[in-house]
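>>> coords please:
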Amino acid sequence: MGLFDNNAHIWRAADGTPLFTLTGHTAFVMSVAFSPDGQTLATGSFDNTVRLWRVSDGTLLNILTGHSEYVTGLAFSPDGQILASASFDDTIRLWRVSDVLLLHTLEGHEAGVSGIAFSPDGKILASGSFDYTVRLWQVPEGTPLQTLKGHGSVVSSVAFSPDGQILASASFDKTIWLWRMPDGTPLRILKGHENYVTSLAFSPDGKTLASGSVDTTVGLWGVR
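Numbering: from 1, shown residues only. Sure thing, here's the model as predicted:
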């Protein structure tokens, strides 16, 4: 997890014991993501960089530079071979993890990118933005596929269902939209939060969607 001390912290989940403090960022840590095998942690910061750390001992592995504004979101592909980084510079960058080579810079959003997620098969990347849209990109080519419009404010978070058939998007307009994949047809609008919706997560069986909001509540929704 990240805190406003410019560091990231790794804790043992079983009992909450602090294991490592990851130091080096020169501004707030804004986003974190574990690789699928749990061996690498990526951190994104207000210092415009992404850092990769070895989880077992907290060793810094690499620093990824290139974004011109702070890094707002991170996501590893399901096979762990690609890391996507979203930034307030309106772009998303795709990095090959093995040698931290920049593969593509995805351009098209007209404002900062606030949330990203890979589809379960790793072939699509979804991004939400301060431009009120959700965009779909082909991976690893970085080709734009579709722009999903409907939200009336910032799209703060996106999440795919475990089977990849539904994409959920959360917004500062207090709603959550469900979209059918891969054609992007809107299926349903979930209403009930009284303030910005900021985070989303599907249950492993895909039947329940959890949403977090600035209204200090967590919503649980029956997806089907």
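>>> find the residue at the geometric middle of the protein.
In the chain, the residue lying closest to the centroid (CA atoms, centre = their mean) is Ile116, at 3.6 Å.
>>> now the closest residue in space to Thr217 that isn't next to it in sequence: how far from Ser45?
Distances taken as CB to CB, 6 or more residues apart in numbering put His193 closest to Thr217, at 6.9 Å, once the chain neighbours are dropped. Just so you know, the C-beta spots here come from the backbone N, C-alpha and C atoms, and that holds for glycine as well. Distance of His193 to Ser45, computed by CB to CB, to the nearest Å: 28 Å.
>>> same check, this time on Ser68
13 Å.
>>> compare those two (neighbour count), which wins?
Using other CB atoms under 10 Å as the criterion, Ser68 and Ser45 rank with Ser45 on top: 23 against 11.
>>> separation between that one and Arg12?
From Ser45 across to Arg12, the span is 24 Å (CB to CB).
>>> contacting residues for the residue lying closest to Arg180 once chain neighbours are set aside?
Spatial nearest neighbour of Arg180, excluding adjacent residues (CB to CB, 6+ apart): Leu187 at 5.3 Å. By CB atoms under 8 Å, 6 or more residues apart in numbering, Leu187 lies in contact with Ile166, Leu178, Trp179, Arg180.
>>> selection in PyMOL covering whichever of these are buried, please.
The buried subset of the contacts of Leu187, as determined by 16 or more other CB atoms under 10 Å, is captured in PyMOL by this line:
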select buried, resi 166+178+179
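>>> of the contacts of Leu187, closest to Ser56?
Using CB to CB, Ile166 comes nearest to Ser56 of those, at 35.1 Å.
>>> so what pairs up with that closest one in the strands?
Beta-bridge pairing for Ile166 (DSSP bridges): Arg180.
>>> tell me the contacts of it?
Applying CB under 8 Å, 6+ apart to Ile166 gives the contacts Phe160, Leu178, Trp179, Arg180, Met181, Leu187, Gly206, Val223.
>>> low pLDDT regions in this protein?
Of all residues in the chain, those with pLDDT under 70 make up the ranges 1-4.
>>> how close does Leu220 get to Trp177?
Remark: distance between Leu220 and Trp177 (CB to CB) = 17 Å.
>>> actually Tyr132, not the one I typed
Distance of Tyr132 to Trp177, given as CB to CB: 11 Å.
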